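Trainee: Here is my input; please provide its structure:
(one chain, ligands or ions: 3)
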Amino acid sequence: MARFSTQRSRPLHATPFINHSTTPSYANHDTANPSYIRKYLRTYGLTPPHSESYETQKTRCLAQLGLKNTDIDKFQYLSTLRKNNVHLFYRLVTDHLRELIPLIYTPVVGEACQRWSEIYQQPEGMYLSWEDRGSLAAVIANWPQPNVEITCITDGSRILGLGDLGINGMGIPIGKLTLYTACSGIRPEATLPLTLDLGTSNKTLRDDPLYMGSRRDKVSREEEQEFLDELMAALTERWPGIVIQFEDFKNPFPSLERYQNSYSCFNDDIQGTGAVILGGVINAVKRSGLPCKDHRAVFLGAGSAGVGVAKQIVEFFIREGMSEEDARNCFNLVDTKGLVTADRGDKLASHKVYFARQDNKGQQFKSLEEVIDHVHPTILMGLSTLGGVFTPEILRKMADWNTAPIIFPLSNPSSKSECDYESAVKNTDGRCLFASGSPFPPMTFTNSDGEARTYCPGQANNMYVFPSIGLGSILFKTVRVTDSMIYTSGEALSAALTAEEIERGLLYPDITRIREVSIVVTRMVMRAAQADGVDRETALRKMSDSDLDNYIKARMYDPHTEVRSLEREVGQLLSSLGNLSPILNGSLPEKKPNGSKL
Ligand SMILES: NC(=O)C1=CN([C@@H]2O[C@H](COP(=O)(O)OP(=O)(O)OC[C@H]3O[C@@H](n4cnc5c(N)ncnc54)[C@H](O)[C@@H]3O)[C@@H](O)[C@H]2O)C=CC1
Ligand SMILES: CC(=O)C(=O)O
Ligand SMILES: [Mg+2]
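Mentor: Ligands and ions are numbered 1, 2, ... in the order given. Down below sits the predicted model:
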């Protein structure tokens, strides 16, 4: 009798039943599997006998999660669940996005990275070291999943606002890729978390006996570039068309410039952040009642995120009818030396030059307070990693000068947020248009007119766009990720709010709708790719919007239907062999080569 093939057709490429210690167990021992599936998977007898419902599994998981005392315990519980029963993990996450995203992503992933050496339990993702240069393709060949479609790469040198954490930054690619799966349905086995061990400037880590990376100081910029050149070639050689997301590199501008026209890649901190903040700002500007030309923005932080965000908003102001010069003049960027001006006396990093003020008449403004008093901003953005720096005094000034001040403290994790929601609401009498990088809870507040209501903060985090940029690029097999694809993702996000969400005063869609929003944002990203001629799946071009939405939805991994589709596929396979009934009623007719009768 023919042996059953273990290969199944998949919406996105996959080889499901590889059981390798570094990958989640796709041949999972799911207690929901009916007995004939267990027999097919050869897991019969390896799990408790009763085939239980997802509701029962969920009850148990949530109860176990509830028994964990700390956020890190919860983070670890969820990591283990992802490893042991990947479909159950994603069923749980997609059903409880609001509660679970903060545990698998910011803020808790920040603490997890800080304590990675201490809490490490199991391999997830790949580590590539400086010593591996020259052999990166051979090391990458060790990754057991054959059909990777997207990778997220960090060198750990700027993890959230927590500085250089070396290879302990691995929590970030894992967390980001988990969101790719949860939010836009890229199959879990098609994702590759990648951390580069290129040394660390963090001496405390190098001296820590538990640290698991190399003890060398960070390699030079030239060495890093040489390494990345080899890495990009090796990744695309093994997985042609792979989408490559750069994450949390200190000064990632040179790499983006170097690779963006020759690979399907993007930098999430510059571009993803730029797009997501664009989305919120489009809505906030509308809500503020002021035309673009009357806005004045102060950005604390002129790094990857600050400059990336400012550039996207300049583009928005231009599209709203302003000249580029007028649009650029709405922006005032502040770094450690104060307001970025052309005549400040220091050599500006090249990414800051575009925004250097020329109209300061020789005057220099050294502190945020001085800049604020000089500019009287309508928009205050924080991308500085400086927790609490938007003081009550600064917030009150924003409220004095503006009917609806736009205040976005965007640094992560929560401890680095430039202010919290409560302070922003209280010090602006509830009038601020607010969004933060890490989540804050809603609050009730009674304003000076005696009106009490519930206020809901926005979460302005690139998680609203990168999953769609990635999925759109994968589905269209784009040759590169264009500026227009990035801009369009933010614009599409801004338009994705429902009437009810607008009524509630939200600037971003409710997080519980993220999968639904991702379909629309993905479609718009694909349309932008199509307009730029960078798509390779040309058959999709002719689809109407609704057909394309249906196509995207059908291609998205859905953990809830995964067990059902497995049942269907096994059923079809067995019935096509004309041999269904003996399997379904519990016994395979022939002895298997490994001696098992099951
Ligand atoms: N909400 C979101 O989706 C995102 C948030 N971020 C957050 O933004 C923050 C910054 O990220 P990057 O721009 O990539 O980092 P970066 O290191 O490139 O830039 C940080 C900037 O802050 C400035 N800065 C630092 N200390 C300062 C001080 N004492 N006074 C004035 N300026 C100071 C630096 O001069 C630099 O311009 C991080 O906390 C990160 O977590 C980054 C990407 C996405
Ligand atoms: C969200 C993100 O990418 C960051 O904080 O770096
Ligand atoms: Mg980041």
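
Trainee: and the gap between the residue in the stretch 351-500 of the chain that ligand 1 sits nearest to and residue 247?
Mentor: In the stretch 351-500 of the chain, the residue that lies nearest ligand 1 is residue 437 (2.9 Å; CB to the nearest ligand atom). All C-beta spots, glycine's among them, are computed from the backbone N, C-alpha and C. Applying CB to CB, to the nearest Å, the value for residue 437 to residue 247 is 14 Å.

Trainee: Surely the residue of the stretch 351-500 of the chain closest to ligand 1 touches residue 463?
Mentor: No - Residue 437 lies out of contact with residue 463 (CB atoms under 8 Å); the separation is 9.9 Å.

Trainee: higher neighbour count, those two?
Mentor: Each of residue 437 and residue 463 has its neighbours counted (other CB atoms under 10 Å); residue 437 has more, 29 against 24.

Trainee: quick one: contacts for the more buried one?
Mentor: Residue 437 makes contact with 106, 409-412, 417, 459-461, according to CB atoms under 8 Å, 6 or more residues apart in numbering.

Trainee: If we use 7 Å, what do you get?
Mentor: By CB atoms under 7 Å, 6 or more residues apart in numbering, the contact set of residue 437 is 106, 410-412, 417, 460-461.

Trainee: Out of those, which is nearest to residue 565?
Mentor: residue 461 (31.0 Å; CB to CB).

Trainee: Burial check on residue 64, number of neighbours?
Mentor: Neighbour count for residue 64, taken as other CB under 10 Å: 12.

Trainee: Okay, now the unreliable bits of the stretch 101-250 of the chain?
Mentor: Scanning the stretch 101-250 of the chain for pLDDT under 70 picks out no residues.

Trainee: tell me which parts of it are close to ligand 3?
Mentor: residue 248 (CB under 5 Å from the ion).

Trainee: can you pull out the helices in the stretch 151-300 of the chain?
Mentor: 171-184, 203-206, 221-238, 253-259, 273-288 (DSSP state H, counting those that start in this stretch).

Trainee: So residue 250 sits against residue 159, correct?
Mentor: No - Residue 250 lies out of contact with residue 159 (CB atoms under 7 Å); the separation is 9.7 Å.

Trainee: Single out the residue in the stretch 401-550 of the chain that lies closest to ligand 2.
Mentor: residue 412 (3.7 Å).

Trainee: ditto for the stretch 1-150 of the chain
Mentor: Residue of the stretch 1-150 of the chain nearest ligand 2, by CB to the nearest ligand atom: residue 106 (6.0 Å).

Trainee: tell me the contacts of that residue?
Mentor: 160, 412-413, 437-438, 461.

Trainee: Setting aside sequence-adjacent positions, which residue approaches residue 353 most closely?
Mentor: residue 342 (8.0 Å; CB to CB, 6 or more residues apart in numbering).

Trainee: need the contact list for residue 470.
Mentor: Contact partners of residue 470, counting by CB under 7 Å, 6+ apart, are 150, 180, 184, 186, 243, 245.

Trainee: Among those residues, which pair sits farthest apart?
Mentor: Spatial extent of the contacts of residue 470 (CB to CB) is set by the pair 184 and 245 at 12.5 Å.

Trainee: how about the residues of the stretch 151-300 of the chain near ligand 2?
Mentor: Contacts of the stretch 151-300 of the chain with ligand 2, taken as CB under 6 Å from any ligand atom, map to 160, 248, 268-269.

Trainee: Which one (most neighbours) among those?
Mentor: For those, the largest neighbour count, defined by other CB under 10 Å, is 28 neighbours, found at residue 268.

Trainee: quick one, what contacts that one?
Mentor: 245-247, 462, 466.

Trainee: Burial check on residue 373, number of neighbours?
Mentor: Per other CB under 10 Å, the neighbour tally for residue 373 reads 12.

Trainee: Please, which helix or strand holds the residue lying closest to it once chain neighbours are set aside?
Mentor: Excluding its sequence neighbours, the residue lying closest to residue 373 (CB to CB, 6+ apart) is residue 397, at 7.8 Å. Residue 397 belongs to helix 392-401 when assigned by DSSP states H and E.

Trainee: What are the phi and psi values at residue 148?
Mentor: Here is the backbone geometry of residue 148 (degrees, to the nearest 10): phi -70, psi 140.

Trainee: Make sure it is actually in contact with residue 192.
Mentor: Yes - taking contacts as CB under 7 Å, residue 148 lies within contact range of residue 192: 4.6 Å.

Trainee: These two: which is more packed in?
Mentor: For the pair residue 148 and residue 192, the greater number of neighbours falls to residue 192 (24 against 21), based on other CB under 10 Å.

Trainee: ok, that one to ligand 3 distance?
Mentor: Distance from residue 192 to ligand 3, counting by CB to the ion, to the nearest Å: 17 Å.

Trainee: go on, residue 366?
Mentor: Separation of residue 366 from ligand 3 (CB to the ion) stands at 28 Å.

Trainee: Which positions in this structure make contact with ligand 2?
Mentor: The interface of the chain toward ligand 2, taken as CB under 6 Å from any ligand atom, is made up of 106, 160, 248, 268-269, 412, 437, 461-462.

Trainee: how about a cut-off of 8 Å?
Mentor: Residues of the chain found near ligand 2 (CB under 8 Å from any ligand atom) are 106, 158-161, 172, 176, 247-248, 268-269, 272-273, 305, 410-413, 437, 461-463.

Trainee: before we move on, the earlier item: could you check which helix or strand contains the residue of the stretch 1-150 of the chain closest to ligand 2?
Mentor: Counting by DSSP H and E, residue 106 is found in no helix or strand.

Trainee: what's it sitting at in phi/psi?
Mentor: Backbone geometry at residue 106, expressed as degrees, to the nearest 10, gives phi -70, psi 140.

Trainee: Thanks again, I'm all set now.
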